[in-house]
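[1] Got a predicted model here, sequence first, then my questions.
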Amino acid sequence: MPHGTYLHETDVEERFACAPDGGGWRYSAERSDGGTVELVADSLWRPARLQVTAGEHVLRGGAVGAELLWVTAGREHTARATGFLGESPGLLVAVARSLRLAEGERVDVRILLVTAPSLAVRTVPQRWSLAETAWHDADGERVPVDRYEITDLETGELSEIHLAGDVVVAAPGIELVNLENPPNFF
């Protein structure tokens, strides 16, 4: 089971663990600013259960049929969306894997973007593309690293992330500074 540390551009450390979990996947993290992330994804990588904390703010959510449900400040909301994204790399993994893209494929999706520090949620249209899968040497083994290109369809802003199994190895504002065990490959 991978354990490690991500460093955010805000100098916040996110200590995480992730692993397959009864047909799905689990990600848990504690942040140096006191925040936490708990995500359980189902076998389709949809968020079965999500809890994010930041100070006194708490967001709880998950998939209900084709919609995502979330509760903040005692108010319940729903929207048709593929997944949640925010500061945590675990959310990137779940969305990327839920798309099940082949190399060269792309898809337009609606994402629920969770913004800190109040954990406000807004819907964002994005285009995700699996640009390439490249093989890299890591600790004497060859591992596949997927490069995704993500376009914000409202602003045209393009970003890219690199995933090795269930670990983000590179993303804007995120640096993997420690990985104690190899990623899980599905």
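    The structure has been received and is ready for your questions.

[2] Report the contact partners of residue 161.
    Counting by CB atoms under 8 Å, 6 or more residues apart in numbering, residue 161 touches 92, 96, 147, 148, 150, 168, 170, 171, 172. All C-beta atoms are positioned from the backbone trio N, CA, C, and that covers glycine.

[3] hang on, it is in a helix, isn't it?
    No - per DSSP: H, G, I helix; E, B strand; the rest coil, residue 161 lies outside any helix segment and is strand.

[4] and the residue lying closest to it once chain neighbours are set aside, how many residues sit next to it?
    Residue nearest to residue 161 in three dimensions, not counting chain neighbours: residue 171, with 4.2 Å by CB to CB, 6 or more residues apart in numbering. For residue 171, the neighbour count with other CB atoms under 10 Å is 18.

[5] just residue 47 next, same as before
    The tally of other residues near residue 47 (other CB under 10 Å) stands at 25.

[6] so it makes contact with residue 93?
    No - taking contacts as CB atoms under 8 Å, residue 47 lies outside contact range of residue 93: 11.4 Å.

[7] farthest pair in the contacts of residue 161?
    With distances taken as CB to CB, the most widely separated pair in these is 96 and 172, at 14.2 Å.

[8] Tell me which of those two has more neighbours.
    residue 96 (21 against 10).

[9] contacting residues for the more buried one?
    Residue 96 neighbours (CB under 8 Å, 6+ apart): 128, 146, 148, 161, 163.

[10] Let's verify it: helix, strand, or coil?
    Residue 96 is classified as helix under three-state DSSP.

[11] Okay, and the beta partners of residue 29?
    Following DSSP bridges, residue 29 is listed with bridge partners residue 16, residue 37.

[12] Tell me how far it lies from residue 182.
    For residue 29, the distance to residue 182 equals 18 Å [CB to CB, to the nearest Å].

[13] More neighbours: these two, which one.
    Ranked by neighbour count (other CB under 10 Å), residue 29 and residue 182 place residue 29 first, with 22 against 15.

[14] which strand of the protein spans the most residues?
    Longest strand of the chain, by residue count under DSSP state E: strand 120-138.

[15] Return the list of strands paired to it, each annotated with direction.
    In the sheet, strand 120-138 lines up against strand 106-115 (antiparallel), strand 141-152 (antiparallel) (DSSP bridges).

[16] possible to save the ones you listed as JSON lines with mean neighbour count, distance to residue 86 and mean pLDDT?
    Shown next, in JSON lines, are the strands paired with strand 120-138 (neighbours: other CB atoms under 10 Å; distance: least, CB to CB, whole Å; pLDDT from 0 to 100):
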{"stretch": "strand 106-115", "mean neighbour count": "17", "distance to residue 86": "4", "mean pLDDT": "97"}
{"stretch": "strand 141-152", "mean neighbour count": "16", "distance to residue 86": "14", "mean pLDDT": "94"}
